[in-house]
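J.: everything below, folded, please.
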Amino acid sequence: MVSRRTLLQAGGAALAAGGPGVLLPGRADAAGHGAASRQLPSFGRPTRLDVADVSSLHGDDQLLLTTLQGVVNRRRPRLYFTFDPSGVDLRWLPGTGASVTLHDHALDLVGRYRGETRGAVLHDPAVPDSVNVATTLAGLENAVVATAAQAREHRLRTVVDLRGRFDAGDVVATYRWQLDHLFPRCARTLLAGLPPTRTVGVEGVRWREVAREAVRVRDASNRRVRTFDLGAELSGGDGVYLRFQDSFGDDGWGASVGSVRVTADDGRVVAAFAPGTAAEAPYLFDGSGSSVGAAGNRFCDGGGSFVYRFTPPAGTRGLTAEVDLWNQFLVSATTTAPTRSEPFPYFRDYAVASRAMVLWLPPSGGTGLLLDEVFGRVEPTTPYAGWFSDDVAGEWGGVDRASRHGVHVVPADFYMNGTVHAGVPAKIPRTVPPRPKAALRNRVHLTFTVGEGDNIQYCQRRMRTIWDDPERGRVPVNWTVSPLLADIGPALLAYYRNTATENDLLIAGPSGAGYTYPGSWPRDALDAYTALTGRYLRRTGMDLVYAYNPRNATGDGWVPIDERVARSYRKNTPVRGIIQSWETGDLQARPAGIPVIGNFFPPGKAAGYRDALLRHIEGWDGAAPLFVACAINAWSWTPTDIAELHDSLGEPFEVVRGDTFFDLYDAHLRSGRAGTDGRT
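T.: Have a look, this model is predicted:
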C-alpha cells in the first residue's frame with residue numbers, strides 16, 4: 001500500500017549534473033573522473049526514489065529487499081531503505097535531490113519490481129555461508145536472495161536452489177566452490193567481505209550480574225581463577241547462559257578468559273575447555289563480539305561480548321563455574337537465550353549491483369590460506385569492501401593479509417543504500433579554511449584526532465550523529481574520513497566539508513585511499529597504492545593522513561613507518577604529515593622528510609584522560625616545545641566531551657588544528673632540537 005506522499009527533496013543546489021547508467025572503474029563520471037581516478041562504481045544519479053522503512057523486518061526480509069535493491073538500482077537507483085530507527089538514513093535523503101514516494105509496507109516493493117528480476121536464488125538456512133554464495137549468484141543472475149517460503153509468497157521463480165549443496169561444517173569447501181565456479185564470471189574490480197549472519201538481541205531477557213571489575217586494569221594484574229555460583233539459574237529456562245563484557249567500554253581492555261570449568265553439585269563436570277579449541281565449540285553460544293588471543297584467551301572490548309551456554313544434568317541442584325578471568329570484566333547470567341541468528345543484509349545492494357564475489361573467510365588457518373588465494377587472483381589496488389571476522393585479531397590479520405597482496409580494505413559492512421549514495425554527484429571543495437596562525441613556543445602543542453574515518457558506514461552514521469553536536473567547532477579537531485567517499489558517497493563528504501567550521505579539519509583515515517598497512521605491501525606495488533591515495537587526496541583537498549602499519553614481531557605494538565614507505569608517500573601524494581597509530585605516543589620521526597608522530601591513546605574521558613596527559617609529559621622541563629598527537633575514540637566521545645577535556649587542560653597545553661600542528665612540528669624537527677625519544 002503506497003502512502004500518497006510524494007515529496008520533492010531540496011538540497012540539489014550543491015549537486016552537479018549527472019545522468020543514469022553504471023559508472024564502473026574505467027568509465028568517466030559526470031565530473032570527468034574515469035579510469036585514472038574512480039575506484040568504486042556508481043550506478044547513475046537518482047531522480048525518483050521509492051522509500052520504505054525496513055528497520056523492524058526480520059533479516060530474511062531485509063536480505064530479500066537489499067538484493068532486490070541491488071538488481072533494480074544497477075539500472076538506475078530507485079530504491080532507498082531506512083534501517084535505523086534514529087533516522088540517520090532519512091537525514092541523508094534530502095541531499096539526493098530526488099523526488100521521494102514513501103511506502104508504508106516495504107515488502108510491497110517486491111511485487112512492484114519483480115519484473116526486473118529473473119527470480120530468486122534460494123539460500124540454505126542450514127548453511128549460513130550459502131547466504132554469501134547466493135548473493136554472488138544474485139549479482140550474476142539478476143536475481144534476489146530468498147528462502148523457499150519467501151519465493152512462494154512473492155511468486156518468484158527459482159533461478160538457483162542452493163539447499164543441500166554445501167556442508168555447514170566445511171566453510172573452505174563452500175568458498176572453494178564459489179571461487180572455482182563463480183569468480184570467473186564476477187567483476188574483478190571489487191571483492192566484498194560480509195558476514196553471512198548477524199546476531200539479533202531478544203527483547204525481555206533479564207540478566208543477573210555475577211561479577212564486575214570496578215578498577216581500570218589493562219595489564220592482566222588481576223588475573224586469577226574466580227568461582228561463580230550459578231545456582232540461581234537452575235530454576236527453569238533452556239539452559240544457563242553466562243555472558244562476558246567490558247566493564248569499561250571506552251578503552252579497549254575488556255573481559256579476557258583463559259579457561260572455563262563448570263561442575264554440578266554432585267561433582268559431575270558439565271563443561272571444561274580452553275577458548276579457541278574444539279572443546280569450546282559446543283558451549284560457545286555467541287562469540288561474534290569477541291576474539292581469541294595469541295595466548296589462547298577469548299576477549300571482548302568496548303561494546304563486544306561473548307556468551308557461553310551450559311546444560312546441567314537433570315536433577316542438578318547446584319552449579320558452579322570456575323573461570324580464569326582478567327582485565328575489565330563484567331559477568332552476568334540468565335536462563336533465556338539472549339540472541340538469535342538471522343541473515344546479514346547490509347551492503348548487499350552494492351555487492352549485487354557491482355557483480356562482486358561475496359565471501360567471509362576468517363584470516364587464520366585454512367580459511368586464511370583460501371583468503372590469500374582470493375587476494376592473489378586480483379590486481380594490486382583492488383578494494384576489498386566489507387570487513388573480517390574475529391574482531392580485533394581478525395582486523396589485524398585480515399588487513400595484513402590483504403596488504404601483502406596489494407589489496408586495500410574499505411570497511412563497509414554496515415554501509416547502507418550505497419547504490420544510491422554513489423550516484424549523487426556533489427562538488428567537494430578542495431580547499432580548507434585558512435590555518436589559524438600559531439607560533440612555535442615552549443609549550444605542549446596538542447592536536448586531537450577522531451578515528452574510524454576509514455570506515456564508510458561510520459562516516460554515514462555515527463559521524464553524522466556526533467557531527468551534529470552543537471559543541472562541535474568550539475575546539476580544534478581533526479576528523480578522519482575516507483577519501484573514497486568521493487566515489488561511494490560524494491554528497492556525504494561534501495556535507496562534512498561544507499558544514500565544517502574553521503576548527504574542523506578533515507584528514508584521511510588509515511592509511512589513505514583505503515585501510516591498509518603500507519609496510520606490508522610488495523615493493524613493486526606500494527607506489528600504486530600511494531599514487532591512488534595521491535589522486536584521492538587531491539580530489540578531496542586533504543594533505544594529512546592517519547596511518548597504520550603492521551604489528552611488530554611480539555604483537556604488542558606497531559612497526560614504525562620507514563624510509564621506503566615514506567618515500568612512496570612523498571613521491572606520490574601531497575601529504576604534509578602522518579599521524580601513526582601508536583597508543584603510547586612516543587614515536588617522532590621524519591623519514592624521507594615527512595614528519596611522522598605516533599598518536600597517544602589513554603583510557604577514559606575527561607579527568608582520566610587529562611591525568612594521563614599530565615603523566616605523559618612528566619619530565620618535560622619546558623625548555624623546548626613538546627608535541628603530542630591525541631587519539632579520540634569515535635564510538636564513545638562526542639564534541640561535548642572533547643570541549644570538556646579542552647576546558648580542563650589549561651597551561652602548558654595549546655590545542656591546534658592538525659595542519660597547524662604539523663607546520664609547527666616540522667619546524668621543530670628541522671631545528672634539530674627534538675630528542676630521539678620524542679622529547680627535547
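
J.: alpha carbons only for contacts and neighbour counts from here, please
T.: Will do.

J.: I figured residue 459 hits residue 453, correct?
T.: Yes - Residue 459 is within contact range of residue 453, at 6.2 Å (criterion: Cα atoms under 8 Å).

J.: give the residues shared as contacts by those two.
T.: 481, 482 (Cα atoms under 8 Å, 6 or more residues apart in numbering).

J.: can you give the distance of stretch 161-168 from its chain's centre?
T.: 30 Å (Cα atoms, centre = their mean, to the nearest Å).

J.: can you pull the contacts of the closest residue to residue 320 other than its chain neighbours?
T.: Of all residues beyond its chain neighbours, the one nearest residue 320 is residue 229 (4.8 Å), with distances taken as Cα to Cα, 6 or more residues apart in numbering. By Cα under 8 Å, 6+ apart, residue 229 lies in contact with 318, 319, 320, 321.

J.: would you turn those residues into CSV with pLDDT?
T.: Putting the contacts of residue 229 into CSV (pLDDT from 0 to 100) gives the following:
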residue, pLDDT
318, 95
319, 96
320, 97
321, 98
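
J.: need the buried ones from those selected in ChimeraX.
T.: Applying 16 or more other Cα atoms under 10 Å to these, the buried members can be selected in ChimeraX as follows:
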select :318,319,320,321
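
J.: quick one: which of the contacts of residue 229 sit in strands?
T.: Mapping the contacts of residue 229 onto strands (DSSP state E) picks out 319, 320, 321.

J.: quick check: the last one touching residue 233?
T.: No - taking Cα under 8 Å as the contact criterion, residue 321 and residue 233 are not neighbours in contact, 12.0 Å apart.

J.: so how far is residue 385 from the residue nearest to residue 320?
T.: Using Cα to Cα, to the nearest Å, residue 229 is found at 45 Å from residue 385.

J.: low pLDDT regions in the protein?
T.: Along the chain, segments meeting pLDDT under 70 span 1-37, 673-680.

J.: now with 80, please.
T.: 1-37, 236-237, 250-252, 390-393, 435-436, 555-556, 603-604, 672-680 (pLDDT under 80).

J.: which helix in it has the most residues?
T.: Longest among the helix segments of the chain by residue count, using DSSP state H, is helix 59-75.

J.: the helix or strand containing residue 323 packs against which elements?
T.: Assigned by DSSP states H and E, residue 323 belongs to strand 319-326. On a contact count with 3 or more Cα pairs under 8 Å, 6 or more residues apart in numbering; DSSP states H and E, strand 319-326 meets strand 224-229, strand 256-264.

J.: neighbouring strands - and their directions - for the helix or strand following the shortest one?
T.: Just to be clear, that refers to strand 224-229. Next helix or strand after strand 224-229 toward the C-terminus (DSSP H and E): strand 240-246. Within its sheet, strand 240-246 is paired with strand 305-310 (antiparallel), strand 329-334 (antiparallel), according to DSSP bridges.

J.: between these, which gets nearest to residue 579?
T.: strand 305-310 (30.3 Å; Cα to Cα).

J.: now the closest one: how far from the chain's centre is it?
T.: Remark: strand 305-310 is offset 24 Å from the chain centroid, using Cα atoms, centre = their mean.

J.: do stretch 540-548 as well
T.: With Cα atoms, centre = their mean, you get 18 Å for stretch 540-548.

J.: and what of stretch 399-410?
T.: 15 Å.

J.: equivalent analysis for stretch 277-293, please.
T.: 22 Å.

J.: buried residues in it?
T.: Applying 16+ other Cα under 10 Å to stretch 277-293 flags 280, 283, 284, 285, 286, 287, 288, 289, 290, 291, 292, 293 as buried.

J.: and residue 148, what does it touch?
T.: Contacts of residue 148 by Cα under 8 Å, 6+ apart are residue 122.

J.: again with residue 489
T.: 418, 421, 422, 423, 424.

J.: kindly report the same for residue 325.
T.: 223, 224, 225, 226, 255, 256, 257, 258, 259.

J.: how about it: which residues does it bridge to?
T.: According to DSSP bridges, beta-bridge pairing links residue 325 with residue 224, residue 257.

J.: the stretch 401-550 of the chain: helices as residue ranges?
T.: Secondary structure of the stretch 401-550 of the chain (DSSP state H, counting those that start in this stretch): helices at 418-421, 456-460, 462-467, 485-488, 490-499, 526-540.

J.: now do the longest one against helix 490-499, angle only.
T.: It refers to helix 526-540. Interaxial angle of helix 526-540 relative to helix 490-499 (axes from the mean of the first three to the mean of the last three Cα atoms, to 10 degrees): 60 degrees.

J.: dump helix 526-540 to CSV, restricted to CA.
T.: Below are the C-alpha coordinates for helix 526-540, written out as CSV (Å, rounded to 0.1, in the frame of the first residue of the first chain):
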residue,chain,number,x,y,z
LEU,A,526,53.4,0.2,-3.0
ASP,A,527,53.7,3.1,-5.4
ALA,A,528,50.4,2.0,-7.0
TYR,A,529,48.7,2.5,-3.6
THR,A,530,50.3,5.8,-2.8
ALA,A,531,49.6,7.1,-6.3
LEU,A,532,45.9,6.1,-5.8
THR,A,533,45.9,7.8,-2.5
GLY,A,534,47.5,10.9,-4.0
ARG,A,535,44.7,11.2,-6.6
TYR,A,536,42.0,11.0,-4.0
LEU,A,537,43.7,13.4,-1.6
ARG,A,538,44.0,16.0,-4.4
ARG,A,539,40.3,15.4,-5.3
THR,A,540,39.2,15.9,-1.7
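
J.: that one packs against which elements?
T.: Helix 526-540 packs on helix 485-488, helix 563-572, going by 3+ Cα pairs under 8 Å, 6+ apart.

J.: turn those helices into CSV, including distance to residue 250 and mean neighbour count.
T.: Listed next are the helices and strands packed on helix 526-540 as CSV, based on distance: least, Cα to Cα, whole Å; neighbours: other Cα atoms under 10 Å:
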stretch, distance to residue 250, mean neighbour count
helix 485-488, 27, 26
helix 563-572, 32, 18
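
J.: possible to save these as JSON lines with distance to residue 515?
T.: Listed next are those as JSON lines, based on distance: least, Cα to Cα, whole Å:
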{"stretch": "helix 485-488", "distance to residue 515": "13"}
{"stretch": "helix 563-572", "distance to residue 515": "15"}
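
J.: right, and those helices - which one's nearest residue 171?
T.: Per Cα to Cα, nearest to residue 171 of the helices and strands packed on helix 526-540: helix 485-488, 30.5 Å.

J.: could you pull out the helices for the stretch 251-400 of the chain?
T.: Secondary structure of the stretch 251-400 of the chain, counting by DSSP H, counting those that start in this stretch: helices at 348-354, 365-376, 391-404.

J.: out of those, which one sits most buried?
T.: helix 348-354 (a mean of 31; mean count of other Cα atoms under 10 Å).

J.: using PDB, write out every CA atom in it.
T.: Taking Å, rounded to 0.1, in the frame of the first residue of the first chain, the C-alpha atoms of helix 348-354 are listed here in PDB:
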ATOM      1  CA  ARG A 348      24.400  -6.400  -0.300                       C
ATOM      2  CA  ASP A 349      22.700  -3.900  -2.700                       C
ATOM      3  CA  TYR A 350      26.200  -2.600  -3.700                       C
ATOM      4  CA  ALA A 351      27.700  -6.100  -3.900                       C
ATOM      5  CA  VAL A 352      24.900  -7.300  -6.100                       C
ATOM      6  CA  ALA A 353      24.900  -4.200  -8.400                       C
ATOM      7  CA  SER A 354      28.700  -4.500  -8.700                       C
END
